[in-house]
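**Q** here is a sequence with its predicted model. Questions after.
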Amino acid sequence: MLYPTRLPSFHRLPPPGRLADRVRWFWIPEWNLPPGRVSRQELLPFPALNLVVQADGVTLSGPATRRSFRDLSGSGWAVGLLLRPAAVPSFTGDPGALRDAEIPFPAPELLAAVQEAMVSGPEPGDSKDDDAGARRRARAVASAGAWLESRLPSPTGEALLANRLEEMIQSNPGLTRVDQLASGLGVSTRTLQRLARRYVGLSPLAMIRRYRLQEAAERLRTEPGVTIADVAAELGYADHAHLASVFQDVLGFTPSGYRRSSAGETA
């Protein structure tokens, strides 16, 4: 999220251990806004697919190539699952066709189970609203996890290699080139391209660039003492101007403009 403080309530929960190779985490926003107020949530999504359950249905979101946003009003909730690459073939054979798209996904049993968890009242022993909310979210994760486990096969060796591809990009800020990634995984560039196409729907280079841009945005928002030039150098951009150009192309504003606006959010 580009402006986290705009969201009334947001929780990120780990998946049940048995699903850690197919779900990175569950994300659950909840909101209850005054009449007439709209809260715009601006996002720079991960290069991945999300399965999202809301009160009115289930959707599957493909990998995003640009900034997106959601306008929240009234009251509501969502339970999202950030899918690992290994889970993707169980939902679509062509994730690239879902690029920058969100489509309805038929899962009535999942919808019913998560709805029941999210609208249920407090349980005996809940001493405050926080207790009830935590239990509600835990029930939603357990229900969605049980549904997933009953439908998703254990990952193949190739699927686990696709997970390693994602992990290597995410955990190595200094990784900026496709040949570095191929060497680290011990595969050819052609194999890397095929894995990314089947399990993510983006090219390896697009995945690398998205993670580096997310890291740049987070550092600019949370580290006021670091210079934009330092962030650019540490994340593989040629210079300040290169980072500024990518920011403008993908997000629609400059790094300095984002730093000012995000500082205003928390001031």
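**A** Yep, it's here. Since this is a predicted model, take the numbers as computed values, not measurements.
**Q** when you work out contacts or count neighbours from here on, use the C-alpha atoms and nothing else.
**A** OK.
**Q** just checking, what packs against the lowest-mean-pLDDT helix or strand in the chain?
**A** Ranking every helix and strand in the chain by mean pLDDT, DSSP states H and E puts helix 255-266 at the bottom, with a mean of 80. Taking 3 or more C-alpha pairs under 8 Å, 6 or more residues apart in numbering; DSSP states H and E as contact, the helices and strands that helix 255-266 lies on are helix 204-222, helix 240-251.
**Q** highest mean neighbour count out of these?
**A** Among those, judged by mean count of other C-alpha atoms under 10 Å, the one packed with the most neighbours on average is helix 204-222 (a mean of 20).
**Q** could you give me the buried positions within the helix or strand following that helix?
**A** Next in sequence after helix 204-222, counting helices and strands by DSSP states H and E, comes helix 228-234. For helix 228-234, a neighbour-count test (16 or more other C-alpha atoms under 10 Å) marks 228, 229, 231, 232 as buried.
**Q** name the nearest residue to the third one, ignoring sequence neighbours.
**A** Going back to what we said before, that points to residue 231. Nearest residue to residue 231, sequence neighbours excluded (C-alpha to C-alpha, 6 or more residues apart in numbering): residue 216, at 6.3 Å.
**Q** what pLDDT does the model give that neighbour?
**A** Per-residue pLDDT puts residue 216 at 93.
**Q** close enough to count as contact, it and residue 234?
**A** No. Applying C-alpha atoms under 8 Å as the test, residue 216 and residue 234 come out as separate, 9.3 Å apart.
**Q** redo the buried residues of helix 228-234 as TSV? Include distance to residue 186 and pLDDT.
**A** Below are the buried residues of helix 228-234 laid out as TSV (distance: C-alpha to C-alpha, whole Å; pLDDT from 0 to 100):
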residue	distance to residue 186	pLDDT
228	34	94
229	33	94
231	29	94
232	28	93
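**Q** using JSON lines, lay out those residues together with distance to residue 113.
**A** Formatted as JSON lines, the buried residues of helix 228-234 follow (distance: C-alpha to C-alpha, whole Å):
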{"residue": "228", "distance to residue 113": "46"}
{"residue": "229", "distance to residue 113": "48"}
{"residue": "231", "distance to residue 113": "44"}
{"residue": "232", "distance to residue 113": "45"}
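**Q** distance check, the residue nearest to residue 231 against residue 262.
**A** 13 Å (C-alpha to C-alpha, to the nearest Å).
**Q** again with residue 173
**A** 22 Å.
**Q** those two: which is more packed in?
**A** Between residue 173 and residue 262, counting by other C-alpha atoms under 10 Å, residue 262 is the more crowded of the two (19 against 16).
**Q** contacting residues around that one?
**A** 2, 3, 221 (C-alpha atoms under 8 Å, 6 or more residues apart in numbering).
**Q** where in this protein is pLDDT low?
**A** 121-129, 264-267 (pLDDT under 70).
**Q** tell me the centre residue of it?
**A** residue 46 (4.4 Å; C-alpha atoms, centre = their mean).
**Q** circling back: okay if I get the helices and strands packed on helix 255-266 as TSV plus distance to residue 101?
**A** TSV is the format used below for those (distance: least, C-alpha to C-alpha, whole Å):
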stretch	distance to residue 101
helix 204-222	17
helix 240-251	16
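**Q** list the contacts for residue 32?
**A** By C-alpha under 8 Å, 6+ apart, the residues touching residue 32 are 8, 73, 74, 75, 76.
**Q** quick one, strands of the protein?
**A** For the chain, the strands defined by DSSP state E occupy 9-13, 23-32, 38-43, 50-54, 57-61, 68-73, 75-83, 102-104.
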